[in-house]
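*Asks:* predicted structure and sequence below. I'll ask about it afterward.
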Amino acid sequence: MFGLGTQELIIILVIALLIFGPKKLPELARSTGKAINEFRKASAGIIDEEEEKKESKGSKKEETVAKAEVKKEEEKVEKIKVKE
């Protein structure tokens, strides 16, 4: 993860237990977990919005290309009608 081994994690947990105490530690862990969960939801929402923007830009380009093709076909049809 961060290059921490088992011994380092145990030392960090013991220091946290000494600083915050056994009553406050579960509450801190719970609030940290909720904060991480909210951060993940927010970042996922931002990523989804960016993907939607990219898709909408792509679909607009496709629409303009399709309209241009339709115009070309209409011009061909008009030229054929004029020749007849």
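*Replies:* That came through fine.
*Asks:* ranges for the strands of this structure?
*Replies:* Counting by DSSP state E, the chain has no strands at all.
*Asks:* can you tell me which residue is spatially central in it?
*Replies:* Taking CA atoms, centre = their mean, the centroid of the chain lies closest to I47, which sits 1.7 Å from it.
*Asks:* for this protein, give me the ranges with low pLDDT.
*Replies:* 1, 57-61, 77-79, 81-84 (pLDDT under 70).
*Asks:* one more time with 90, if that's ok
*Replies:* 1-5, 9, 12-13, 16-17, 20-23, 25-26, 28-29, 41-84 (pLDDT under 90).
*Asks:* can you give me the helices in it?
*Replies:* Per DSSP state H, the chain has helices spanning 6-83. These are given in chain order.
*Asks:* count residues in the vicinity of the residue nearest to L28 when sequence neighbours are not counted, would you?
*Replies:* Nearest residue to L28, sequence neighbours excluded (CB to CB, 6 or more residues apart in numbering): F20, at 6.0 Å. All C-beta spots, glycine's among them, are computed from the backbone N, C-alpha and C. Neighbours of F20 under the rule other CB atoms under 10 Å: 14.
*Asks:* swap in A16?
*Replies:* For A16, using other CB under 10 Å, the count is 14.
*Asks:* OK, contacts around it?
*Replies:* 25, 28 (CB atoms under 8 Å, 6 or more residues apart in numbering).
*Asks:* gap between it and A29?
*Replies:* Note on A16: its distance to A29, by CB to CB, to the nearest Å, is 9 Å.
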